[in-house]
Every structure is written in structure tokens, then in C-alpha cells.
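**Q** For reference, the sequence and a predicted model appear below.
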Number of protein chains: 2
Amino acid sequence: MKNADTILLPRWLIPVADNDADSCGAVFEDHALVIRQGRIADVGPRSTVTAEWEAVESVTLEDHVLIPGLVNAHTHAAMTLLRGYADDMPLMEWLSEHIWPAEARWVSREFVAAGTELAILEMLRGGTTCFQDMYFFPDMVAARAEAAGMRAVVGMIVIEFPTVWAKDAGEYLEKGLETRDALRHSTLVSAAFAPHAPYTVNDKALEKIAMLAEELDCQVHMHVHETEHEISESSARFGMRPLERLDRLGLVSHRLGAVHMTHLLDAEIETVASRGVSVIHCPQSNLKLASGMCRVHDLITAGANVAIGTDGASSNNDLDMMAEMQTASLLAKGVSGDPSALDAANSLYAATLGGARALGLEEQIGSLETGKLADVVAIDLADACSWPVYHPLSQVVYGCAARQVSDAWIGGRRVLENGRPTQLDSSRVMSDARQWGLKIGAPSPSSDP
Amino acid sequence: MKNADTILLPRWLIPVADNDADSCGAVFEDHALVIRQGRIADVGPRSTVTAEWEAVESVTLEDHVLIPGLVNAHTHAAMTLLRGYADDMPLMEWLSEHIWPAEARWVSREFVAAGTELAILEMLRGGTTCFQDMYFFPDMVAARAEAAGMRAVVGMIVIEFPTVWAKDAGEYLEKGLETRDALRHSTLVSAAFAPHAPYTVNDKALEKIAMLAEELDCQVHMHVHETEHEISESSARFGMRPLERLDRLGLVSHRLGAVHMTHLLDAEIETVASRGVSVIHCPQSNLKLASGMCRVHDLITAGANVAIGTDGASSNNDLDMMAEMQTASLLAKGVSGDPSALDAANSLYAATLGGARALGLEEQIGSLETGKLADVVAIDLADACSWPVYHPLSQVVYGCAARQVSDAWIGGRRVLENGRPTQLDSSRVMSDARQWGLKIGAPSPSSDP
């Protein structure tokens, strides 16, 4: 017998093994997954696995399906503290009249600490085991993720206006790179360049980022083609659309995780696919801000990698990847007019291995395969909202709620047990967030009826 | 002091008082709601109310928001037993190759009993206190709703092909009317005519329904303009679009709850608004089947009443009105390109009072107003996914999950207490559904990896 740390015995297991559409939809019944030293040591039929492996702990998951931990490929975690702060208005009004002023007034190390913890609590409970962040104080985001046992790629944010984090592009980059250096031994957290958007970062800084990304072998995470306004402004200011400008600056490659990507021309879809750019699709945010709709079905048909992100809580208003995956599938069908578009298998792929690829982590996480890090999530399907079960994969995407996530392991450590985080003190996190909510401003009740 | 049965003391209260956009968005803090003899006896500031009323029971809801019970204006409840049975394909293929054959094989009184109970369990736990159904054996749907303490409008279904329920339009009508008669003393359940769709019911039966609806003062609940195919088929067969045909047959009035209504022309929107037709919008079903997108923003701007329904679990795949409300809002913004379209207040209105109006019950339910039946739902906002709270109404629509519904009262009776149904045995309902799932067919696992 070989020795392991944990054996998981779920009713169903969806490995999301491969980019190939046929095998990425495979579902196995009565399989087992073996965890040893933080990695997946074996996956196979229960009888074979239990005959070969002896584990310290064995977890039976009776009516559960095991999936790879969800990868939230785009968020601004700390913005949970501005959840629902302003709604029902367009991107630029929302940003410049509400969000940016609130951030200027409130963002601090402490704000980022409390907001990131709240975000991690919400994400863990909803099956997200890795998130890619773009926000100020990425060193603090990293510290909170480490403490919670959460995997993250923090953003070396660059934006051409001064904030409490940095005064100009040069200082943003410098502080970002310092953060990255400090993380070089972390097994959980790494850093990616995170220039905010084509309209908020100038050519000089973008060229420097393109060069550094190449030298340091590092991903670039950026809002691109979020709105029609961004595109027309770029055409007026630079004589070209944002994607073309980024291409001239050397940023359009497999390193780029381009967030949103609404309003794409056919030729742009070709470029994205042929250069290996990852499109990070945030369907709920795009709908809520009426930014436009991403042509996900056309992107996938063209061979592009698609990942899914929730965006920040102030434009979503939650960090629920289960719901985001469902919205992505439904919207792709609606937008393309094809009910087979972004089917359940492809949607789960985008939310796991597609996300891992966008973060440059596809060799490490994103699927339940021997040798990968053990980032694993169990979902209890014995719930009135997803019962009975004919096709577990279809239930996961179309008929599951975040609350059904019962357990999660990150790098083999059980960070969620029967719905309760093991590394985070939920009451303290909620109470800190309550204090911040009161400080930032309580809702003003209307007059009496 | 006046005597009451129950006083509810929530942190926030959203009455959804009126069709007027300004007042329908009102939110009150530290108010109280009084229940006496199944009705709302008073709503007002906590101090005033507690000085005037003495109740047998008083329920403090610390971080909760009280809203009117959600009205699921269109579902096929028993189809929970076919949840996820077939996905990722267009309406007609899905219906004729999968759903109709499965129904022909499996639908029976027992199927409808078990499926309806599972649906009620899911709906109650997600804050739905009233549903409008369209399915076979409406007498059994009514019996299960009564037993669970659930409010419902069951459908006197008519469809021009024989099923185990009835052999032809005449028998469908006759059995429907018998069901209606048997319900005449019920305080919870009533019946509406439910001709399936323009393409499955002929002129003769529709004319008869129009006449009976007038005579009996009864609503009509029907799928209308679900797909482009339905419209083009009608044009070819009848020389006119379905809505025009229904109009000639006398069905286009305030009695009509027209479900789906995608592909509407401007003139049709005018007709719908001026005749007082209710549009029952099922955004997740329309997206999933790629049926088309309803012009909700244009309908509301034109003054039409809009309600929200989940459709059946086999095309959704859940009966989650919280999620449906969110999708309705997000999609309306995306489709109209206007981020203020179907804002939080209007979305909650559609899911409550708009639904009540579509069912002809607007005098009885749909808002928290003195004199109305006490159909009330409490949602706990102290959850990582909707915390902190700046705008409770915005959180309810954009950042709340069904699991946050803690309590529900229907006609003053507490049917859900801390997330647990009081009138339904959840374990038995789940176990019955498991048996049906096994009988109908287990998922076929793929071959080994």
C-alpha cells in the first residue's frame, strides 16, 4: 500500500482534464482522489484506488460532485467594502462620480485588509480557490490570501493618477515589483502586471510593462475593450482601437489576460485566438453596467482561451463564480442565438482550467489530474434546487447555488469544511466589515409611508 | 392596546407599495409589521407600532430585510423531476425529442405529487410564497400546495394532444373547470385557464376559453411569442403573428398573462400596454433555449405590467426567483444598452406586485400594505455575499442568494422558520425525488480517464 494524506470519495468527479471539448465534459461515478504532500497523487475508480492507497484521512462525500477549485480570473477583492455603494448607472459615471471619489476617501492598508478578507470568505464559501486581483496595496492582498490559505495572483497595478498607494506610473511599478519580489518563495501567491486599462495608462508605461513581462516571464492583467466609449476615445486619441494600440506596444501575446473584451470585430477575434491571448469574461458586470456583450461563442469557436471573472463586488454585486458560470453560459446562448453555445462542459472549463491558463498557472491548477496541486471543491447536489441528478455537470453549471459548496482544499489543505472556513474567523471578518460599512455610510432610509 | 398574532421587527422593510416608480423603491429602517388573522394589520415605525399593538408572538429579525413574498408567475412545478434531463439544445428539439417523450412515459398523479412537492420545497426556501403553474393534474398541484401552506394559481391546461390527463381540448377544459370548482372555498389556491401556446391550441378552443374567462372572471395564462419559429409558423399557417391571432380570438386583455414575449414589434408593445396584458418574463429560460430576448425596458417604458417567472426546472434549471430577478435586471440593461433599465426597485416590483397583478391577485398580495394577506419573506443580509449593506434594495436584487431567505409567512402562517419548512417534510420530499430520479434514469458515466 502507498501512503497518502487524504482520500476523497465523492459520488461523482469531474476532472476537466483537457482543452479537448469531448474529454473536458467527462463525469465519473464512484471514483476517488488521492492527496499527498499538497498534490493530487492519483485519480481513478474507487476500488482500484482504495486497494492501492492508505491515507491518514478519508472523506466520504455521499451526494457530492468533486470539481477543480474555481478560478476567479478577475476581481478587485477589497471592493466588497463598496458593495452596492452605487448601482444602475453607466461605467464612466459610476467610476468618476461614485467609486473613484469613495476610493480616494476610504482606501487604505486597513480597508484593503478588511475588504480582501471579506472577499476571500465569500469566494471560499462559493468554491473559488484562486483569484486574480487588481487593486491597491497588493502586498496586503497577498498577506490576507496567505493567511486564509487562499491561492491568488495579485496585481502590480499601474494607473496614471496618484492614490494613497503610489504617486505615478514609476512608483506604481516599483512598488508592484517589490511586492512580487517579496512573494518569490510563496507557494500560494504570485504577482502579475496589472495596468488598469488602455485609457488610464500611457504608452511609456505600457511599453515598459511589455518589456518587463517578457524579461520576468510574467502575465499581464488588464481591462481591455470594456465599453464602446473606450474604443471611440482610443480611435480619436490614438487613431486606432485599444487592442491595436496594445499590439503595437508589444502586449498582445499569450501573457495577456484581457478583461471584458466586449465590442470585438471579427479580425480582433482572430488576433486574440492566434496570439494566445486569454479573454477574461465578466458577464454580470458587463450586463449591469450595460458595457456590451462579449462574443464568447465566436471566441471559443476561433480557438481562443476564455476565462471567467466576477469583477469587483461594487459592479456585480457578489463574487459568486457558480452564478457567474451560469450567466456566462446563458448569455453566450442568448447572444449567439445558439442554445448549444458555451455548454456546461465549456463553461466549467472556462471557470477552472481556462482561468488557470489566463493566470499562467495551467501546469499547476485548474483540473483534477495526477501531479497537479490539490485545489479541489466538493458540491453537495442533494439540495432541493439541484435534485434529482441526471447530469451532474449540467447541474453544476445550470442548477447549483454557491451554498452547496461544502468543502474545499487548496494545495491539499482543507480550507472549507462543511461550509465553514478553517483558516478564517468568519465572525471577526463580518464584524470588521460591519464597522467599515458604518464608517463609510449607512443607507439613508426614505421618509415614512 | 390592540391584539395581534405576530409582530415582525426587521432591520429594514421594503413594502413595494405602489406601481409608482418613486414609492415602489422605498426602504424603511426599524419598522414593524403586524399580522392579525392572516392579514397585515399595520406597518409603521417600530416605536409607534409597538406602543399600539400587543402580539402573541414577536419576531426580531436583526440584520434582515422584510419584503413581500415573491410571486413566481410562470412555472411547471412538477418538472423538477426532469431537472437537467436534457440541456444545451433549442426549444423544439428539446420539447419534441426529449421532454414530451419523457412526459409521455413518466407523467402520472404520483409524478405530479412528488415533483410539485420538490418544487414547493425549493421555492419556499428561496422566498417564493405564490406560484402560477401550468401542468397536468392541476388538482394534484393544488392539493400539494394546500398541504404545504403554499399559495398557488394552478392552470386549467389545454393542449391539442392526448395525455394521461385528458384526451382532447374538450376533456382538458372540462377537467380544468372541475378542478376550479373544487377549489372555490380555498384561501390558498385558485385556478386560471392555461392554453399551452398559440401553436398547440386551435381557434375553437381558444374562443371558448376567451368566452369562459369573461364569464367566470378568470385569468388566462399562456406561452406567447416564445420563439421566432412560433411567429413565422403562425404567419405561414394563419397569415398573422400569434398576438394578432389571439387578439382576433378575444384573448388580448387585462386577463392575459403572456409568458415569454420575445420578438415583439413596437406596435405589439403598444397593444400589450394599452390592453393591460401582463408580460411574464422568464429571462433564464429564454437565454438557455436561445429563444430570444424580451424587450422588458421598452415594455415598462410603455406602461405595460411585467411579471417574472422561472419557467420549469427542466429549462432553467432551478426555481430560484432571487436569481431570476437579478438576471431580469442585468439582461434588461444589456439588451437596452441602458444601465438604469429595470433598476432594483422595478425588478423587485416585477417579482412581487407585478406578479400578483398578472395573476389577478393584486388586491390580495404582492406588497406589504395594511389589509393585504400576510405573505411576507425575511432575508438575512448578514452574509458574506451581501455585506456590508448600503442599499438594502440593491442588495436584495443584485447581491443576494436564495439561501439567505430565513423565514416566510403565507396568509400569516409561518411556513419557513430559520430556513426550514414547517409544513413540509423535507427529507421525505427529497427521498421521494431520489426514487423518481433513479426510476427515470441515472446519468451514464463516461468511460475511465
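**A** On my side now, so go ahead.

**Q** what are the ranges of the strands in the stretch 51-200 of chain A?
**A** For the stretch 51-200 of chain A, strands defined by DSSP state E, counting those that start in this stretch occupy the ranges A:53-68, A:70-75, A:128-133, A:151-158, A:189-195.

**Q** could you redo these as CSV and give each row distance to A:L91, mean neighbour count and mean pLDDT?
**A** Just so you know, the C-beta spots here come from the backbone N, C-alpha and C atoms, and that holds for glycine as well. Shown next, in CSV, are the strands of the stretch 51-200 of chain A (distance: least, Cβ to Cβ, whole Å; neighbours: other Cβ atoms under 10 Å in any protein chain shown; pLDDT from 0 to 100):
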stretch, distance to A:L91, mean neighbour count, mean pLDDT
strand A:53-68, 32, 19, 97
strand A:70-75, 15, 30, 98
strand A:128-133, 20, 29, 98
strand A:151-158, 18, 28, 98
strand A:189-195, 18, 27, 98
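
**Q** For the stretch 101-250 of chain A, which residues are neighbours of chain B?
**A** A:L118, A:L121, A:E122, A:R125, A:G126 (Cβ under 8 Å from any Cβ of the partner chain).

**Q** My understanding was that A:S234 contacts A:P242; is that so?
**A** Yes - if you go by Cβ atoms under 8 Å, A:S234 and A:P242 touch, sitting 4.6 Å apart.

**Q** Need the residues touching each of those two.
**A** Shared contacts of A:S234 and A:P242 (Cβ atoms under 8 Å, 6 or more residues apart in numbering or on different chains): A:P198, A:Y199.

**Q** Compare these two (neighbour count), which wins?
**A** Shown here are A:S234 and A:P242; by other Cβ atoms under 10 Å in any protein chain shown, A:P242 has more neighbours (25 against 20).

**Q** do you know how far the more buried one is from chain B?
**A** 20 Å (Cβ to the nearest Cβ, to the nearest Å).

**Q** list the contacts for that residue?
**A** Counted by Cβ under 8 Å, 6+ apart, A:P242 has contacts A:P198, A:Y199, A:V224, A:H225, A:E230, A:I231, A:S234.

**Q** Need the per-residue pLDDT for the residue lying closest to A:K439 once chain neighbours are set aside.
**A** Closest residue to A:K439 apart from its sequence neighbours, by Cβ to Cβ, 6 or more residues apart in numbering or on different chains: A:W106 at 7.9 Å. For A:W106, the model assigns a pLDDT of 95.

**Q** A:W106: neighbour count?
**A** 18.

**Q** just the strands in the stretch 301-449 of chain A please.
**A** Under DSSP E, counting those that start in this stretch, the stretch 301-449 of chain A gives strands at A:305-308, A:376-380, A:405-410, A:413-417, A:420-421.

**Q** Can you give me the domain assignment for chain A?
**A** For chain A, the structural domains run A:2-68+A:375-418, A:70-358, going by automatic domain parsing.

**Q** Just want the most central residue of chain A.
**A** A:N72 (1.3 Å; Cα atoms, centre = their mean).

**Q** Help me confirm that it comes into contact with A:D320.
**A** No - counting by Cβ under 8 Å, A:D320 is not a contact partner of A:N72; they are 9.4 Å apart.

**Q** so where does A:A4 fall, helix or strand?
**A** strand A:2-13 (DSSP states H and E).

**Q** likewise A:S291?
**A** Per DSSP H and E, there is no helix or strand for A:S291.

**Q** List the contacts of A:I67.
**A** So A:I67 contacts A:I14, A:V16, A:G127, A:L348, A:T352, A:L368, A:V376, A:V377, A:I379, A:V396 (Cβ under 8 Å, 6+ apart).

**Q** Secondary structure class of the closest residue in space to A:E268 that isn't next to it in sequence, three-state.
**A** By the measure of Cβ to Cβ, 6+ apart, the closest residue to A:E268 outside its immediate chain neighbours is A:L243, 5.4 Å from it. Here A:L243 is helix, with the state taken from DSSP: H, G, I helix; E, B strand; the rest coil.

**Q** Pretty sure A:L243 sits against A:H225.
**A** Yes - when contacts are counted by Cβ under 8 Å, A:L243 is listed as touching A:H225 (6.4 Å).

**Q** Now do the shared contacts for those two.
**A** A:A258, A:E268.

**Q** Residues in contact with both of A:N72 and A:D320, list them for me.
**A** Taking Cβ under 8 Å, 6+ apart as the contact rule, A:N72 and A:D320 both touch A:T310.

**Q** Which residues lie in contact with the residue nearest to A:E268 in this structure?
**A** A:V224, A:H225, A:V252, A:A258, A:E268, A:T271, A:V272.

**Q** and the residues you listed, which of them are in strands?
**A** A:V224, A:A258 (DSSP state E).

**Q** Just give me the neighbour total for the closest residue to A:S329 other than its chain neighbours.
**A** Among residues not flanking A:S329 along the chain, A:S347 sits closest, at 4.3 Å (Cβ to Cβ, 6+ apart). Other residues lying near A:S347 total 28 when counted by other Cβ under 10 Å.

**Q** now A:R434
**A** Quick note: A:R434 (other Cβ under 10 Å) scores 16 neighbours.

**Q** With adjacent residues omitted, what lies nearest to it?
**A** B:P388 (5.9 Å).

**Q** Residues in a beta bridge with A:G155, which ones?
**A** A:A192 (DSSP bridges).

**Q** residue contacts, it?
**A** Remark: with contacts taken as Cβ under 8 Å, 6+ apart, A:G155 is in contact with A:Q132, A:D133, A:M134, A:Y135, A:P138, A:G176, A:A191, A:A192, A:F193, A:A194, A:H221.

**Q** Check the spacing between it and chain B real quick.
**A** On the measure of Cβ to the nearest Cβ, A:G155 and chain B end up 22 Å apart.

**Q** A:M92 now?
**A** When A:M92 is compared with chain B (using Cβ to the nearest Cβ), they lie 11 Å apart.

**Q** quick one, what contacts that residue?
**A** A:T227, A:H229.

**Q** Touching, the residue nearest to A:S329 and A:T327? I think so.
**A** No - look at A:S347 against A:T327 with Cβ under 8 Å: they stay out of range, at 9.6 Å.

**Q** on that earlier part again, possible to save the contacts of A:G155 as TSV with distance to A:L299?
**A** Conversion of the contacts of A:G155 to TSV gives the following (distance: Cβ to Cβ, whole Å):
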residue	distance to A:L299
A:Q132	19
A:D133	24
A:M134	21
A:Y135	26
A:P138	28
A:G176	29
A:A191	27
A:A192	21
A:F193	23
A:A194	22
A:H221	18
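
**Q** Just give the nearest non-adjacent residue to A:Y398, would you?
**A** Closest residue in space to A:Y398, ignoring its immediate chain neighbours: B:N317 at 4.1 Å, by Cβ to Cβ, 6+ apart.
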